[in-house]
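1. Give me coordinates for this.
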Amino acid sequence: MNEEYEPYTMADPSFYDAMHSEQTAGESFAAADRALPAGWSRYEQDDWFVFNPGTSGLPAQGWKLHAAATKANAARVIVTIFDYCVERGIHFKFLRSEQALVARVSKYAPRGYSGKLVTIYPTDDAHCEQILTELGALLDGEPSPYILSDLRWGKGPLYVRYGAFANRYTVDASGDVVAAIADPDGNLVEDRRGPVFYTPPWVTLPEFLKPHLEARNSVTVADLPYTFEQVVHFSNGGGIYVGKDKRTGREVVLKEGRPHAGLDAWGHDAVQRLEREYGILQRLAGIPGIPEVYDLFWVGEHRFMAMEYVKGDVLSKALVMRYPLIDATATDQEYAKFTDWAVHVQHQVEATIAAVHERGIVYGDLHLFNIVIREDDSVVLLDFEVASPVEDALRPGLGNQGFTAPRSTTGFAIDLYSLACLRLAMFMPMTNLIGLHRVKAREFADIITEHFPVSREYVDRAVDVIVPPDTPPTPAPRIEADPARW
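-> Residues are numbered from 1 along each chain as shown. Now for the predicted structure:
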């Protein structure tokens with residue numbers, strides 16, 4: 001999916017929508033309705049409330065401030081900034097609601113703007129320094145996620161970057177319309193808003209920001225016993241990298257967790273989930289199909305875990321590479337060969353999950369992208385960040401829609417439901433439709449047994465878990481929001 005669609009999937013589980021009203025974004029922050037002095041105006045702009053003192057002289061671009069916060073302190077941070085800015089006649093805006101903030105700090109929120117709760121517009125560099133100094137003192141000690149596009153002022157929660165104040169646009173090299181700033185010749189160029197602090201080449205970093213850039217750059221991985229050699233994946237919660245253990249030369253996977261970022265449905269951040277995953281993997285050590293875990297350490301404020309590098313293809317890729325239904329020339333022998341392979345993979349996964357359950361753990365995140373197929377066709381499960389002891393009775397805070405059990409499902413049955421979906425997905429990898437309407441599993445069974453030499457009993461065992469036999473063939477209902485699908 002084009003990542004530009006992603007922000008529009010947070011408001012509604014069934015339809016694209018934007019968090020531009022209380023109907024989609026939930027109750028607004030109370031500060032939005034506070035009284036304003038004469039001359040001030042307030043208006044809504046997308047998912048922001050904008051506050052304008054009615055004064056002139058604001059530049060079209062420059063150094064602007066952002067404030068970040070957690071769910072717990074967001075309202076307090078907004079009130080502090082509201083009082084400071086209104087008293088001094090400073091332009092500012094803030095996100096309309098707690099739900100809008102959560103959407104920006106969730107695991108798969110776009111990393112370029114993640115964490116931004118408030119934006120403040122200084123009139124010039126001196127004004128920027130004054131606001132950072134005075135407001136920074138008022139907000140000192142407030143926890144916040146790191147805004148990756150910005151430079152942090154001290155320990156936060158204020159951040160700063162050079163960018164557009166006014167809404168101006170240009171077209172980039174690929175033909176997309178993007179936000180713009182003007183270069184010294186007056187030409188509009190892209191206002192880069194990626195997940196890396198960037199200063200346009202014609203802009204000089206002010207002296208008052210240099211110590212903060214030096215502090216940022218002082219955090220390195222040079223002294224670690226690991227190298228970082230390849231990026232596998234980025235999310236708003238952190239990165240996954242392939243590297244090496246300098247002491248042994250062994251290849252490792254290094255998983256990163258950013259504090260207060262990458263939130264799941266229960267408000268757990270990436271650090272909490274990474275530390276839980278480390279403990280779970282230690283508890284499951286020695287089970288076939290479970291990767292080894294080596295180390296847990298800090299780099300600056302980010303948490304890292306070193307674990308076994310598993311060579312192979314994720315099941316989603318391995319399945320497509322072998323799938324006979326996409327080959328019009330596939331023979332009966334090839335269908336039979338694929339079926340044997342699919343059943344072999346399924347049995348291995350079921351055996352691993354059974355062993356995980358024997359140790360009292362609910363895996364909670366079984367799907368085609370969390371299973372690796374080695375060259376010898378053995379399987380390994382990945383990503384235990386939402387796994388939990390069964391006695392905790394905790395539903396996973398993240399999940400894949402095509403494999404996530406209904407909200408009424410608890411304990412080991414969560415995994416059994418996902419295993420049933422996997423049994424069908426091995427032959428018909430379209431189980432996202434089952435996430436919309438579980439009765440669809442019955443139709444899947446008909447299609448699978450029509451095309452593959454697999455017994456009806458084998459398929460019906462999965463169907464009976466997904467949609468019990470007494471479930472009527474009702475029309476597909478409108479989906480109610482399930483936070484585990486975020």
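2. for this structure, what's the longest strand?
-> Of all the segments of type strand in the chain, defined by DSSP state E, the longest one is strand 226-235.
3. Tell me the buried residues in it?
-> Neighbour-count burial for strand 226-235 flags 226-228, 235 (criterion: 16 or more other C-beta atoms under 10 Å). Where you see a C-beta, it was placed from the backbone N, CA and C, and this is true even at glycine.
4. One more: stretch 84-100?
-> Buried residues in stretch 84-100, counting neighbours by 16+ other C-beta under 10 Å, are found at 84-86, 90-100.
5. Endpoints of that stretch, how far apart?
-> Using C-alpha to C-alpha, to the nearest Å, the span of stretch 84-100 from its first residue to its last is 23 Å.
6. still on that earlier bit, export the following helix or strand past the longest strand of the chain to PDB, keeping only CA atoms.
-> Towards the C-terminus, the helix or strand next in line after strand 226-235, according to DSSP states H and E, is strand 238-245. Taking only C-alpha atoms (Å, rounded to 0.1, in the frame of the first residue of the first chain), the coordinates of strand 238-245 have been written out as PDB:
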ATOM      1  CA  GLY A 238      12.600   1.700  15.600                       C
ATOM      2  CA  GLY A 239      14.600  -0.200  13.100                       C
ATOM      3  CA  ILE A 240      15.600  -3.800  12.500                       C
ATOM      4  CA  TYR A 241      19.200  -4.300  11.300                       C
ATOM      5  CA  VAL A 242      21.500  -7.100  10.300                       C
ATOM      6  CA  GLY A 243      25.000  -6.800  11.800                       C
ATOM      7  CA  LYS A 244      27.800  -8.800  13.200                       C
ATOM      8  CA  ASP A 245      29.100  -9.600  16.600                       C
END
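7. Quick check: neighbours of strand 238-245 in the sheet, parallel or antiparallel?
-> When pairs are called by DSSP bridges, strand 238-245 turns out to pair with strand 226-235 (antiparallel), strand 251-257 (antiparallel).
8. now it, how far from the centre of its chain.
-> Taking the mean of its C-alpha atoms, strand 238-245 sits 18 Å from the chain's own mean (C-alpha atoms, centre = their mean, to the nearest Å).
9. tell me which residues of that strand are tucked away?
-> Under the neighbour-count criterion of 16+ other C-beta under 10 Å, strand 238-245 has 238-241, 243-245 buried.
10. and if you look at stretch 433-442?
-> Within stretch 433-442, the residues that count as buried by 16+ other C-beta under 10 Å are 433-435, 438-442.
11. Please enumerate the helices of the stretch 1-150 of the chain.
-> Assigned helices in the stretch 1-150 of the chain, in chain order: 22-25, 74-88, 98-105, 125-139 (criterion: DSSP state H, counting those that start in this stretch).
12. State the three-state secondary structure for residue 285.
-> Per DSSP: H, G, I helix; E, B strand; the rest coil, the secondary structure class of residue 285 is coil.
13. List phi and psi for residue 428.
-> With angles defined as degrees, to the nearest 10, residue 428 shows backbone torsions of phi -140, psi 80.
14. now do residue 349
-> The phi and psi values for residue 349, taken as degrees, to the nearest 10, are phi -60, psi -40.
15. Then residue 303?
-> Residue 303 adopts backbone torsions of phi -90, psi 140, taken as degrees, to the nearest 10.
16. still on that earlier bit, state the pair within the buried residues of stretch 84-100 that is farthest apart.
-> Of all pairs drawn from those, the one with the largest separation by C-beta to C-beta is 90 and 99; the distance is 26.4 Å.
17. Quick one: residues contacting residue 348.
-> For residue 348, the residues meeting the contact criterion (C-beta atoms under 8 Å, 6 or more residues apart in numbering) are 289, 378-379.
18. Just the pLDDT for it.
-> pLDDT for residue 348: 98.
19. Could you do residue 140 as well?
-> The predicted structure lists residue 140 with a pLDDT of 95.
20. same check, this time on residue 13
-> As summarised for this prediction, residue 13 has a pLDDT of 61.
21. Check residue 112 too.
-> If you check residue 112, the pLDDT there is 77.
22. what do you get for residue 232?
-> On the pLDDT scale, residue 232 is placed at 93.
23. Test my guess that it contacts residue 251.
-> No. Between residue 232 and residue 251 no contact is recorded; they are 12.0 Å apart, counting by C-beta atoms under 8 Å.
24. Next, show the common contact partners of those two.
-> Contact with both residue 232 and residue 251 is made by residues residue 242, according to C-beta under 8 Å, 6+ apart.
25. OK, contacts around residue 309?
-> Applying C-beta under 8 Å, 6+ apart, the residues contacting residue 309 are 242, 250-253.
26. Pop out the phi and psi values for it.
-> The main-chain torsion angles of residue 309 are listed as degrees, to the nearest 10 and equal phi -90, psi 120.
27. now residue 346
-> Main-chain dihedrals, residue 346, degrees, to the nearest 10: phi -60, psi -40.
28. what's the neighbour count on it?
-> Other residues near residue 346 come to 19 when the count uses other C-beta atoms under 10 Å.
29. Surely it touches residue 422?
-> Yes. In this structure, residue 346 sits in contact with residue 422. The criterion is C-beta under 8 Å, and the distance is 6.5 Å.
30. Considering the buried residues of strand 238-245, which is situated nearest to residue 391?
-> Of all the buried residues of strand 238-245, residue 391 sits closest to residue 238, with 28.4 Å by C-beta to C-beta.
31. so can I have JSON lines of the buried residues of stretch 84-100 showing pLDDT and distance to residue 358?
-> JSON lines is the format used below for the buried residues of stretch 84-100 (pLDDT from 0 to 100; distance: C-beta to C-beta, whole Å):
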{"residue": "84", "pLDDT": "98", "distance to residue 358": "57"}
{"residue": "85", "pLDDT": "98", "distance to residue 358": "58"}
{"residue": "86", "pLDDT": "98", "distance to residue 358": "60"}
{"residue": "90", "pLDDT": "98", "distance to residue 358": "60"}
{"residue": "91", "pLDDT": "98", "distance to residue 358": "60"}
{"residue": "92", "pLDDT": "98", "distance to residue 358": "56"}
{"residue": "93", "pLDDT": "98", "distance to residue 358": "53"}
{"residue": "94", "pLDDT": "98", "distance to residue 358": "50"}
{"residue": "95", "pLDDT": "97", "distance to residue 358": "46"}
{"residue": "96", "pLDDT": "95", "distance to residue 358": "48"}
{"residue": "97", "pLDDT": "95", "distance to residue 358": "44"}
{"residue": "98", "pLDDT": "93", "distance to residue 358": "40"}
{"residue": "99", "pLDDT": "91", "distance to residue 358": "39"}
{"residue": "100", "pLDDT": "92", "distance to residue 358": "43"}
